[in-house]
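> A predicted structure for the sequence below; I have some questions about it.
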Amino acid sequence: MRYNLFENQRNEIILLARILLMILFIISGWGKMTNFGGTVAYLDSLGAPMPMVAAGVAVVMEFFVAIAIVVGFYTRPLAFLFALFVLGTALIGHHFWTMVDPERATNMVQYFKNLSIMGGLLLLGITGPGKYSVDGR
């Protein structure tokens with residue numbers, strides 16, 4: 001007999017997971033949106049292609065899509081899309097393999113943090129948003 005200690009709280013835990021996965025992005029997206037010029041300049045300094053467009057994509061993903069995931073709106077497809085976005089930001093923003101310490105060490109942690117977040121997003125894309133969501137209604 002399989003017994004899962006947390007099965008009775010499945011929906012609450014999925015809601016908590018959505019919030020915890022996205023809180024960093026909502027805060028960061030708000031900062032990018034309210035300092036858009038600085039975001040464009042930063043992305044330009046990283047060598048991001050079309051920094052103005054990249055900044056716009058970052059704001060949409062990190063703020064608006066993150067809020068959609070928190071409330072559970074189109075959760076599955078947006079979680080998969082967000083996983084691709086996080087991979088892109090890891091490759092563009094945290095290319096530790098081209099750096100020397102201490103910058104290398106810091107960016108390696110950030111790169112693998114992004115991969116960990118991708119894991120959570122992929123899992124969310126498979127499990128779905130749970131009961132406490134727009135999708136669940």
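Now that the structure is in, tell me what you want to look at.

> Strands along the protein, start to end?
Secondary structure of the chain (DSSP state E): no strands located.

> low pLDDT regions in it?
Applying pLDDT under 70 to the chain flags residues 1-3.

> one more time with 80, if that's ok
Counting by pLDDT under 80, the ranges of the chain that qualify are 1-7, 136-137.

> where along the protein do the helices fall?
10-34, 36-46, 51-59, 66-71, 75-93, 103-127 (DSSP state H).

> Taking helix 75-93 as reference, get the angle to the third one.
Just to be clear, that refers to helix 51-59. Between the axes of helix 51-59 and helix 75-93, defined by axes from the mean of the first three to the mean of the last three Cα atoms, to 10 degrees, the angle is 140 degrees.

> which residues are in contact with helix 51-59?
29, 32-33, 36, 39-41, 43-44, 48, 85, 89, 92 (Cβ atoms under 8 Å, 6 or more residues apart in numbering). Where you see a C-beta, it was placed from the backbone N, CA and C, and this is true even at glycine.

> Just to check, V86 is in contact with S116?
No - applying Cβ atoms under 8 Å as the test, V86 and S116 come out as separate, 9.6 Å apart.

> Comparing the two, which residue is more hemmed in?
V86 (23 against 11; other Cβ atoms under 10 Å).

> What's the separation between that one and N8?
Distance of V86 to N8, computed by Cβ to Cβ, to the nearest Å: 31 Å.

> next one: K131
12 Å.

> okay, the two: which has more neighbours?
More crowded of K131 and N8, by other Cβ under 10 Å: K131, with 14 against 9.

> Just to check, that one is in contact with R18?
No - using Cβ under 8 Å, K131 is not in contact with R18, being 11.9 Å away.
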